[in-house]
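Enquirer: Okay, sequence plus prediction incoming.
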Amino acid sequence: MITFTLKKELQGAEGILSLNVKQHVNYGDFVVIMGESGAGKSTLLRMLAGLEEGEGEIKVGDDYWQQGKKQLPVQQREVGFVFQDYALFDNMSVKENLLFVNPDIPRADALLEMMEIRGLSERSVQRLSGGQKQRVALARALMRDSKLLLMDEPLSSLDPRMRHKLAIQIKALHQRFGLTTLMVSHDVAEAKRLANRLWFVEEGKLNEYPLSYLDTLEYQ
Amino acid sequence: MNLDLTPFILSFKLAFLTTLILFFVALPLAWWLSQTRSKTKPFFEALTALPIVLPPSVLGFYLLVALSPTSPLGAWLSSVLGVKLVFTFEGLVVASCFYSLPFMVQPLQNGFESLNRHMIEASYLAGKSRVQTLWHVALPNIKPALITALIITFAHTVGEFGVVLMVGGSIPGETKVASVAIYEMVEVMAYKEAHLYAAILLLLSFVVLLAVYLFNQRQKHKAGIL
């Protein structure tokens, strides 16, 4: 189980917002995090990954990633992270992006195969479409044996058809690897397809809602 | 008229060594300046940029004072390391490194700051250290800035005058670089020779700058910006 209690002051559009969150995640959970823009969803993911500092505690199994002021460096946290803007290494080919994370060639080939982009292995990532780039980013995030997969609006910059296709692939990857996943999203249909738990960041707090709450959002 | 190429050879040797040394000195400094959120950053940025605004004679004067055998540093260098840095080629290299520092640091820093921050973070998330990230991710992705830094530093060092004259003087074959040679030719009214030397420097400088701009244009085409 992963548990965390985190605090951070955020500079929002309407002044300073105090983010004060406490939650737990069971192994294998797929949590979709929703909430208004600027509520602190991305900051929460970044604090869990070690990319931003905050006060509090993060416990993963028996290990502490953060305890008071003691922070485990981002390099040692065993987190897979997918950014909205892909954040691929532009100087490398598709396959090199994966092998830079972990020089395990069979694993890279298998992931590229699953993402249906093995034919693009040698291509420079600068010459890919948005959907192809995000599939490379997903495969790259799975190159390490991570304890947690964090995805910050991974599908929001893609067209509806590609969003649908990638959501199906994410679902398949989750079912295959059972990787504990937190995903920020604004899309109700996406959340319904993927989530087994639903969190909302509201006024600095992290509240859990039943999945049925998504039905009420769908008709609003 | 016999064209003595020694001053040009000295100038290019000086520029090559300065560029090489500065690359390794400026790289970690530029990387740190681009990544740090420290409140001391403006202090170091101002210190690094000083040679751009300082009159070369001021920088040359202070370097001359600091490196002279009567100063504590100069005395230490001379007695412990046996190195004499005033009116020697080695002294010119040290002085040039100070003088050309901002021309290497600033393009590199600008290049690093223009990188997608998430790309750098993705490297850390992949378990890579700061040095690995700098070498394998950041540096290969700022090629135009890197080429600009190397070439402008080289060209700027070739064109140095005030600092080299103050620290190196004009010893033929040792410290008399091309720009100093031109100054001396004008002093003795050898205008024909001065013209020739000046034209060579002018042409070389233009070719170097043209190469930088052509390279950068090609890189932008490649990246689909133009």
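Expert: Now that the structure is in, tell me what you want to look at.

Enquirer: Break chain A down into its domains, please.
Expert: A:2-78+A:146-218, A:90-145 (automatic domain parsing).

Enquirer: Can you say which of those domains is nearest to chain B?
Expert: Among the domains of chain A, the nearest to chain B by Cβ to the nearest Cβ is domain A:90-145 (3.8 Å). All C-beta atoms are positioned from the backbone trio N, CA, C, and that covers glycine.

Enquirer: That closest one and chain B, are they touching?
Expert: Yes - on the criterion Cβ under 8 Å from any Cβ of the partner chain, domain A:90-145 is in touch with chain B at A:90-91, A:100-102, A:126, A:140, A:143-144.

Enquirer: What's the end-to-end length of that domain?
Expert: One end of domain A:90-145 sits 24 Å from the other (Cα to Cα, to the nearest Å).

Enquirer: Distance from the chain centre to it, please.
Expert: When distances are taken as Cα atoms, centre = their mean, to the nearest Å, domain A:90-145 is centred 17 Å away from the chain's centroid.

Enquirer: just stretch A:156-167 next, same as before
Expert: Relative to the chain's own centre, stretch A:156-167 is displaced by 16 Å; criterion: Cα atoms, centre = their mean.

Enquirer: Also stretch A:172-187?
Expert: 8 Å.

Enquirer: next one: stretch B:192-211
Expert: 19 Å.

Enquirer: do you know how far A:Gln66 is from A:Glu53?
Expert: As judged by Cβ to Cβ, to the nearest Å, A:Gln66 and A:Glu53 stand 9 Å apart.

Enquirer: Of these two, which one has the most company?
Expert: Between A:Gln66 and A:Glu53, counted using other Cβ atoms under 10 Å in any protein chain shown, the more crowded position is A:Gln66 (23 against 11).

Enquirer: just to revisit the earlier point, deepest of the domains of chain A, which one?
Expert: Ranked by mean neighbour count, the domains of chain A are led by domain A:90-145 with a mean of 19 (mean count of other Cβ atoms under 10 Å in any protein chain shown).

Enquirer: Report the mean confidence score over that one.
Expert: The average of the pLDDT scores along domain A:90-145 is 92.

Enquirer: can you give me the strands for chain A?
Expert: For chain A, the strands defined by DSSP state E occupy A:2-12, A:15-25, A:30-35, A:55-60, A:63-67, A:70-71, A:79-82, A:148-152, A:181-184, A:197-202, A:205-209.

Enquirer: Tell me which of the ones you listed lies nearest to B:Phe161.
Expert: With Cβ to Cβ as the criterion, B:Phe161 lies closest to strand A:2-12 of the strands of chain A, at 49.2 Å.

Enquirer: Quick one: list the elements packing against that closest one.
Expert: strand A:15-25, helix A:41-49, strand A:55-60 (3 or more Cβ pairs under 8 Å, 6 or more residues apart in numbering or on different chains; DSSP states H and E).

Enquirer: Need the ones you listed in JSON lines (columns: distance to B:Ala66 and mean pLDDT).
Expert: Converted to JSON lines, the helices and strands packed on strand A:2-12 look like this (distance: least, Cβ to Cβ, whole Å; pLDDT from 0 to 100):
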{"stretch": "strand A:15-25", "distance to B:Ala66": "48", "mean pLDDT": "89"}
{"stretch": "helix A:41-49", "distance to B:Ala66": "46", "mean pLDDT": "93"}
{"stretch": "strand A:55-60", "distance to B:Ala66": "47", "mean pLDDT": "93"}
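
Enquirer: out of the strands of chain A, nearest to B:Phe16?
Expert: Nearest of the strands of chain A to B:Phe16, taken as Cβ to Cβ: strand A:79-82 at 42.5 Å.

Enquirer: List the strands paired with the closest one, with their directions.
Expert: strand A:148-152 (parallel) (DSSP bridges).

Enquirer: avg pLDDT for the strand it pairs with?
Expert: 94.

Enquirer: Over to stretch B:179-195?
Expert: 92.

Enquirer: So what's the gap between that stretch and the chain middle?
Expert: When C-alpha coordinates are averaged (Cα atoms, centre = their mean), stretch B:179-195 and its chain have centres 25 Å apart.

Enquirer: do stretch A:1-11 as well
Expert: That offset, for stretch A:1-11, works out to 16 Å (Cα atoms, centre = their mean).

Enquirer: and if you look at stretch A:156-170?
Expert: Going by Cα atoms, centre = their mean, where stretch A:156-170 is centred and where its chain is centred differ by 15 Å.

Enquirer: neighbouring contacts of that stretch?
Expert: Contacts of stretch A:156-170 with the rest of the structure, by Cβ atoms under 8 Å, 6 or more residues apart in numbering or on different chains, involve A:84-85, A:114-116, A:130-131, A:134-135, A:138, A:151, A:154-155, A:183, A:185-187, A:190, A:193-194.

Enquirer: That's all I had, so thanks and see you.
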